[in-house]
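Undergrad: Let's see this in three dimensions:
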Amino acid sequence: MAKNVTGSDPLSLWERHEELKLAGVKRTVLLEEVITRYENLSLKHAELVREHDVQRTYTAAAHAREQGLTDNVKRLQYILNRDPFVLVLIDGDGMIFNESFLRDGEKGGRQAALILKDEVKKWFDRNIPDPPKDYKIVTRIYANVKGLADACVRAGLIDQASTFHDFTQGFTRGGSLFDWVDVGSGKDRADMKIIDNLKLHLYDYHCHQVLFGCSHDNGFARMLEAYMDDPEALARITLLEGVPFEKELADLPFKTTRFPGLFRGNKINTTPPDILTGQRGRQPSQLSATSGPFTPRIDTPASFISTPELGDSMARHLGLPPLNTSRRTDSSASSSLVSPTDSVNNLTLQDSWAAKAKRAANLPPPEPAPRPVQGPADIVRRNRRGQRIDSFIEYESDAFNVVKKLKLCNQHYLMPD
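TA: Residues are numbered from 1 along each chain as shown. Model prediction:
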């Protein structure tokens, strides 16, 4: 049988055709899948491009904002670190400078300011970690200048009040940031100003430390107790000691320091000096165990002014008329003719307060003088309890206070011989 050379078997051609059609279908499906995926990728790409553009815009804005904030922080840090200072707050009514400064007036005030500034600087550099450079020392002293000047005069620290005024002016001129503020008279005026200044500067970033001079006054303990649980306040406040700390202040957990030789270590004594001894305060008794209850010391007022010259001198000092010392002139003159021991014994036995009181007690009562008939103006005024009401008597209060403190014997000076 002859082979068909003109073409293949029709059946095989159809098979091949079907195979080609199937391959075309697969190709078409593949192309459609590729195109679909491309479309999806194109959409995602476009979305990512948009997000990237937005992110890039945000990043640029954030970078600019960060740069601005960084510059702002640097500027603020520069401002905060500029002009650092240490604040010294002192209650001048109790923290009193040594009398060696007070007596020099303006010169002493300048010297006290310079020494205080030097002491604060040395203390700050030694006790504060990483102290700032070129810091300033600001000092505020609040006090009643007139009252304090008068107290210093009474205490004998200075001779006249103007010296203290000169001292305060010299202290103020001792530094451009040193001020002595006169708060005038009135209760707690200085305390309120000091407390408000402390609260104002305590958390001030420029203020690196507060030196608080208040060791004499327990009243500041109430205010300081509010900061006992604040670590920042405990680190910023240091109590400055003049006189020893009062008990309530000593129990507080704040740091303390003192500048020896600058402030007085004890409170001033404003008690007037004894006219007879020149000493201040209560004098110790010189009575022995065998002394009688009314036996005075040898240098009592009764014995000391037993001469006319001394009696008249003291009377002139008190602004009173001359004392009547004629009745003691004879005994004073005769005492110069005997030995010192005899004169002392004679004075103690014959001219002492006890002897005067004893003689006055042994005298017979004087005969009562005839009483005039009382008219309406002579009626003794009495209160509802029957007690006599005396009319007001005018007298010099200064002279009265001086004489009262002498504690003179009423029996000796008021009763007749």
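Undergrad: now whichever strand or helix holds residue 69: mean pLDDT?
TA: Using DSSP states H and E, residue 69 sits in helix 10-81. Averaged across helix 10-81, pLDDT comes to 89.
Undergrad: can you check stretch 246-260 too?
TA: On average, stretch 246-260 scores 92.
Undergrad: quick one: buried residues of that stretch?
TA: 246, 249, 252, 254, 258-259 (16 or more other CB atoms under 10 Å). Quick note: C-beta positions are derived from backbone N, CA and C, even for glycine.
Undergrad: Just send those back as CSV, with secondary structure and distance to residue 26 too.
TA: Formatted as CSV, the buried residues of stretch 246-260 follow (DSSP: H, G, I helix; E, B strand; the rest coil; distance: CB to CB, whole Å):
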residue, secondary structure, distance to residue 26
246, coil, 105
249, helix, 100
252, coil, 95
254, coil, 93
258, strand, 103
259, coil, 103
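Undergrad: for the stretch 301-417 of the chain, which spans come out with low pLDDT?
TA: 301-378, 402, 405-407, 411, 413-417 (pLDDT under 70).
Undergrad: hmm, try it at 80
TA: Scanning the stretch 301-417 of the chain for pLDDT under 80 picks out the ranges 301-381, 384-386, 390-417.
Undergrad: ok, back up a step: biggest separation within the buried residues of stretch 246-260, which pair?
TA: Spanning the widest gap among these are 252 and 259, at 19.6 Å by CB to CB.
Undergrad: List the strands paired with the helix or strand harbouring residue 137, with their directions.
TA: Using DSSP H and E, residue 137 maps to strand 136-143. Note on strand 136-143: by DSSP bridges, its sheet partners are strand 85-91 (parallel), strand 178-182 (parallel).
Undergrad: What residues of the last one count as buried?
TA: Residues 178, 180-182 are the ones in strand 178-182 that count as buried (16+ other CB under 10 Å).
Undergrad: and those as CSV, adding distance to residue 267?
TA: Formatted as CSV, the buried residues of strand 178-182 follow (distance: CB to CB, whole Å):
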residue, distance to residue 267
178, 24
180, 20
181, 22
182, 21
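Undergrad: Three-state assignment for the closest residue to residue 244 other than its chain neighbours, please.
TA: Of all residues not flanking residue 244 in the chain, residue 215 sits nearest, at 6.8 Å (CB to CB, 6 or more residues apart in numbering). Classification of residue 215 using DSSP: H, G, I helix; E, B strand; the rest coil returns coil.
Undergrad: Give me every residue in contact with stretch 169-182, excluding its own residues.
TA: With contact meaning CB atoms under 8 Å, 6 or more residues apart in numbering, stretch 169-182 is reached by 85, 92, 105-114, 116-117, 136-146, 168, 193.
Undergrad: about what we covered before: a markdown table please, covering the buried residues of stretch 246-260 and showing distance to residue 390.
TA: Compiled in a markdown table, those are given as follows (distance: CB to CB, whole Å):
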| residue | distance to residue 390 |
| --- | --- |
| 246 | 43 |
| 249 | 47 |
| 252 | 52 |
| 254 | 55 |
| 258 | 53 |
| 259 | 55 |
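Undergrad: from the residues you listed, which is closest to residue 12?
TA: So of these, ranked by how close each gets to residue 12 (CB to CB), first place is residue 254, at 112.6 Å.
Undergrad: tell me the contacts of the closest one?
TA: Each residue near residue 254 by CB under 8 Å, 6+ apart is listed here: 224, 234, 237-239.
Undergrad: Check residue 259 too.
TA: Contacts of residue 259 (CB under 8 Å, 6+ apart): 115-116, 119, 123, 240.
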